[in-house]
Structure formats: structure tokens, C-alpha cells
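*Asks:* A predicted structure for the sequence below; I have some questions about it.
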Amino acid sequence: MSEESDDIPLLELDAVIGFNGRVVSGLILHPEETHLIYPLGCTVIQRNIQNNTQEFLAEHTNNVSCVAISKSGRYIASGQETYIGFKADIIIWDNTKKDIHAKLTLHKAKVEDLAFSPNEKYLASLGGQDDGSIVVWNLERGDALCGSPAAVHCGVQCLRVRFSNLSDNILLSAGNGTIRVWEIDSSTRKMRATECQIGQLRRVVKCIEVAADDGFFYCGTSSGDILKLNLRTKLLNVYGPLKEKFSQGINALKLLKSGEMLVGSGDGVVSVCKEANFSAFLTVQLEGGVTSVALPDKGHQLYVGTDACNIYSVRDEDFKEELFSSSHSHPVNAVAFPFGTSELFATCSKNDIRVWHTGSSRELLRIAVPNVTCNVVDFTMDGRCIISAWSDGQIRGFTPETGKLMFIVDNAHCRGATAMACCKDCRTIVSGGGRGR
């Protein structure tokens, strides 16, 4: 039986529609500014911005939990999550060869964050809550140089690691009640931490940004304010805004060359604020909470990822947003092609039905029904209606051109409509429900 299966050719993956926007800092712009890099399931996707083609880095055995890219763009590192009691892999990809450079296995259950040193000498990895350690890896040899618990107390969780911009030996870590600066000593294979002093403040740090000259670094917090700390003295310099904080916390923080700051918050707002008092003077509202901001060095538009699994492009000259790509933010329950054509197809999930163009993977139509889940979607044989079965027990029909509601079969099933098919006469629907009826 195994010999027969070996002769069967494998299907080649052509394109993927999706983006895991729940991975914080998961959307990355390649240094050459030609590709977007982001995780989806067990795969890391490289998407060409110009022609929309995709390349897939697929060797993980579970969901990718974090992604990082080296300064030159040669190396991509990705970490995954797994089950308690098992170790989670880190894979370093050689982007020029499109092959694995090294596979690193040490952390338990989950890899929380990754960071490359500025000269691509080291990779720092942070384990999740069940692991709680920071490990520095030699990038050339692919082995561990040194490691340490991320925090002094076991109840304190570290969430982010970042290297300084000028030194391979200075590493920053921050999280729930901890901000630390580490000095890496390669000769003794040890790393020493200094706890930063922020007075009486108690914050959960969700992102770190380091100034280009390594003079200061900035921490975005779940409280919606920004901490500015001196990297040399490890002391708090200033924090703010004091009054109008960023709603639902700061998930993304970038320094602009103009000296201003770009802030992405959990309420879906991307703001440009002044570094002096951290007050926003330019904002744009997006769908879903902001989890990633990819800032170009030479280009004129930035890319923003949200937890609604959308990617937006925002032009810097007028700060206007445009939906770059969209996808479902919940499990896809069904896929259907209309009879006689493969140019488009429909998918369904929680809250909506979407119609896609097959060739370009672009969303053509979105039919929103809030707070209910669509379990099945189908086209009538003549293509004049999209019929659907929902978790509230109703069967709904929509026009495929505009998504306008055509009819509702009220209370078709008392525990949700879970199966459905349309007969060839385009008038009869057979459906099944949660109670087996």
C-alpha cells in the first residue's frame, strides 16, 4: 500500500488566501521592499507586492507563533507553538537558497518571540509562559551560545525581545512587570541582565522600539502609554500621553525618520504622534485591532496587519488607507464553486460569506450577518442565488452580484442548520440540523 502511495504525485500549492493577524509583529516587509512576510497556520508566506505571487516556507508541525527577518534579508526565523510537554521548533531559513539553514529545538510548548542581532551574528529566542527562558544562538554554527530565565520571579512573563541597532551584544527584553537590558559575553558564554527602573509604574510591555543611535528605547504598553528609557543608564526618561491614552493598548510602535512616532493600538487606530508628549495629531481607523506595522525605508506606503486578518496599505503623503488583502478571521466551514465555472468561489465562516476571484485571490463580495456562523454555502444550479445554512437555524438566500437578501427560511432547525444542498430545479432545498433532522 505504501509503494502505491509513493507513486502518486503530490498536489503543488499554488496560492493561499489568509493571514494570521493574531501574531503580534507577524507582518514584516522584506528589506528590499519587494515582499511581505507573514505566518499562516504551519507556514510562513512570502508574498510579492507587485505581482501577488507567493512562496511558501513549510516545515513546521504546528502553528507559527512568531517571525523575524535579519537586517540584510538573508535569514528568516520562525518559531512555533506545540503541546505542553513537547518542545517547540525554531527554523532559520536561508532566503537566498530557499532552504533551511538550521533547526533549533530547546524551548518548551511555545516560542514567544525572535530577534536577529544587527550584524546577523546572533538570534535571540524567547520561550512562552511554560518555558520562560531567553536563549541566544550563534547564527553561523546554529547552536546555543548562552541562555537565562527571562525574569527573576516565576510569576512574571516576558513577551518581547529586541537587539539594539548598533551592537550584537546588547539585548532588550520586556513583558508583564519586567524591562531588562542584557549584555552578552561570548567569551564566557554568559548573559547578564540589568533591570530598568521605572519608579512606581507597573506596566505590561507589548512592543519595543530602539532609536537608531541606541540612545533611547521605547516600550508600548497594554495601558495605552509609551515609556521612553535611556539605554545607557536603564532609567525611565519620560512616559505619556498622560491624559488621552491609546485605547486597548499599544501593539505596534515605529520611529519615523522625521522624529515622530507611529503607533498601532488595539482599537484599530494607527496614529502619528509627536515624540515630545506622545500626543497623536494624525490618525486612521482600520477594521480590527492593529497587531503589526511594516515600515519601509525607501517606499512611500506602510503596511498594517490587524487581528481581523486584514492587511492594509497606508500612504504616507495623505495617510489614506487601502485594503491590500483580506481573509476570514475564524475557521472556514465550507467552500463552493458555481456550476460550470471555476473563475470564482464562495466561502463561509463566522459572521459572513465571501466570494473570491480564483485567479487573483481577491475578495469580490462580502455578505455580513453578525453574531452567527454560516455552516454551509452553495450556489443554485442557475447561479442566480447563494444559499446558506446558519447556526441560528435559518436558511438564507442572497443575490451573488450584490449580496442582497432574497429570502429567509425561519426556524428551519432548532439547533442550527448544519447541512444543506440545493436540487437541480433551483427551487428545492434539502437541509439537516443539529438534532439529526
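*Replies:* Looks like it arrived, so ask away. Predicted model only: the values in this text are computed from it and were never measured.

*Asks:* Surely residue 375 and residue 389 touch.
*Replies:* Yes: using Cβ atoms under 8 Å, residue 375 is in contact with residue 389, at 5.2 Å. Placement of C-beta: from N, CA and C, glycine included.

*Asks:* what sits in contact with each of the two?
*Replies:* Residues touching both residue 375 and residue 389 by Cβ atoms under 8 Å, 6 or more residues apart in numbering: 416, 417, 418, 419, 420.

*Asks:* The residues you listed in strands, which ones?
*Replies:* 417, 418, 419, 420 (DSSP state E).

*Asks:* how deep is the third one tucked in, by neighbour count?
*Replies:* It refers to residue 419. 14 (other Cβ atoms under 10 Å).

*Asks:* next one: the second one
*Replies:* Other residues near residue 418 number 19, with proximity taken as other Cβ under 10 Å.

*Asks:* Skip the chain neighbours and tell me the closest residue to residue 169.
*Replies:* residue 184 (4.5 Å; Cβ to Cβ, 6 or more residues apart in numbering).

*Asks:* My error: substitute residue 122 in the last question.
*Replies:* Here the residue nearest residue 122, using Cβ to Cβ, 6+ apart, is residue 136, at 5.2 Å.

*Asks:* Pull up the distance across stretch 14-32, start to finish.
*Replies:* By Cα to Cα, to the nearest Å, the extent of stretch 14-32 from end to end equals 24 Å.

*Asks:* Report the buried residues of that stretch.
*Replies:* 17-31 (16 or more other Cβ atoms under 10 Å).

*Asks:* Out of these, which comes closest to residue 50?
*Replies:* residue 30 (12.2 Å; Cβ to Cβ).

*Asks:* coming back round to it: quick one, grab the pLDDT at the residue nearest to residue 122.
*Replies:* Turning to residue 136, the model gives it a pLDDT of 98.

*Asks:* Quickly find the element holding it.
*Replies:* strand 133-138 (DSSP states H and E).

*Asks:* other SSEs contacting that strand?
*Replies:* strand 99-108, strand 122-127, strand 143-149, strand 170-175 (3 or more Cβ pairs under 8 Å, 6 or more residues apart in numbering; DSSP states H and E).

*Asks:* Stretch 78-86 - what's its average pLDDT?
*Replies:* 95.

*Asks:* The lengthiest strand in the chain pairs with which strands, parallel or anti?
*Replies:* In the chain, with assignment by DSSP E, the single longest strand is strand 362-379. Paired strands of strand 362-379, with direction, are strand 350-357 (antiparallel), strand 386-390 (antiparallel) (DSSP bridges).

*Asks:* ok, and which of those strands has the densest surroundings?
*Replies:* Among the strands paired with strand 362-379, strand 386-390 has the highest mean neighbour count (mean count of other Cβ atoms under 10 Å), at a mean of 25.

*Asks:* Quick one: distance of that strand to the chain centre.
*Replies:* 30 Å (Cα atoms, centre = their mean, to the nearest Å).

*Asks:* Next: stretch 60-69.
*Replies:* Worked out by Cα atoms, centre = their mean, stretch 60-69 lies 10 Å from the chain centre.

*Asks:* Can you add distance to residue 121 and mean pLDDT and give the strands paired with strand 362-379 back as TSV?
*Replies:* Conversion of these to TSV gives the following (distance: least, Cβ to Cβ, whole Å; pLDDT from 0 to 100):
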stretch	distance to residue 121	mean pLDDT
strand 350-357	44	97
strand 386-390	54	97
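
*Asks:* would you turn those strands into CSV with distance to residue 276?
*Replies:* Output for the strands paired with strand 362-379, formatted as CSV (distance: least, Cβ to Cβ, whole Å):
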stretch, distance to residue 276
strand 350-357, 41
strand 386-390, 52
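
*Asks:* rewinding a little: in the longest strand of the chain, what counts as buried?
*Replies:* 363, 365, 367, 369, 372, 373, 374, 375, 376, 377, 378, 379.

*Asks:* repeat for stretch 67-83
*Replies:* Going by 16+ other Cβ under 10 Å, stretch 67-83 has these buried residues: 67-70, 73-82.

*Asks:* what about the helices in this structure?
*Replies:* With DSSP state H, the ranges of helices along the chain come out as 2-6.

*Asks:* the domain parsing of it - what is it?
*Replies:* 17-325, 334-433 (automatic domain parsing).

*Asks:* re the thing from before, hmm, which two among the shared contacts of residue 375 and residue 389 are most spread apart?
*Replies:* 416 and 420 (11.3 Å).

*Asks:* Now do the shared contacts for these two.
*Replies:* Shared contacts of residue 416 and residue 420, counting by Cβ under 8 Å, 6+ apart, come down to 375, 389.

*Asks:* Out of those two, name the residue with the larger neighbour count.
*Replies:* residue 420 (22 against 18).

*Asks:* the bottom helix or strand of this structure by mean pLDDT?
*Replies:* helix 2-6 (a mean of 58; mean pLDDT, DSSP states H and E).

*Asks:* For residue 227, give the beta-bridge partners.
*Replies:* Beta-bridge partners, per DSSP bridges, of residue 227: residue 219, residue 239.

*Asks:* wait, it sits on residue 218?
*Replies:* Yes: counting by Cβ under 8 Å, residue 227 touches residue 218, with 6.8 Å between them.

*Asks:* Dump the buried residues of strand 362-379 into CSV; add distance to residue 273 as well.
*Replies:* Listed next are the buried residues of strand 362-379 as CSV, based on distance: Cβ to Cβ, whole Å:
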residue, distance to residue 273
363, 32
365, 37
367, 37
369, 37
372, 39
373, 38
374, 40
375, 44
376, 46
377, 43
378, 49
379, 48
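
*Asks:* ok, and the closest non-adjacent residue to residue 52?
*Replies:* Counting by Cβ to Cβ, 6+ apart, the residue nearest residue 52 is residue 360, at 6.7 Å.

*Asks:* Could you report the pLDDT at that neighbour?
*Replies:* 91.

*Asks:* Distance-wise, check it relative to residue 335.
*Replies:* From residue 360 across to residue 335, the span is 17 Å (Cβ to Cβ, to the nearest Å).

*Asks:* go on, residue 315?
*Replies:* 34 Å.

*Asks:* again with residue 62
*Replies:* 24 Å.

*Asks:* These two: which has the busier surroundings?
*Replies:* Neighbour totals were compared for residue 62 and residue 335, and residue 62 leads with 15 against 11 (other Cβ under 10 Å).

*Asks:* Torsion angles phi and psi at that one?
*Replies:* phi -150, psi -180 (degrees, to the nearest 10).

*Asks:* Can we start the residue count at 39 from this point?
*Replies:* In the new count, where the first residue is 39, that last one comes out as residue 100.

*Asks:* I figured it hits residue 81, correct?
*Replies:* No: with contact defined as Cβ under 8 Å, residue 100 does not reach residue 81; the gap is 11.2 Å.
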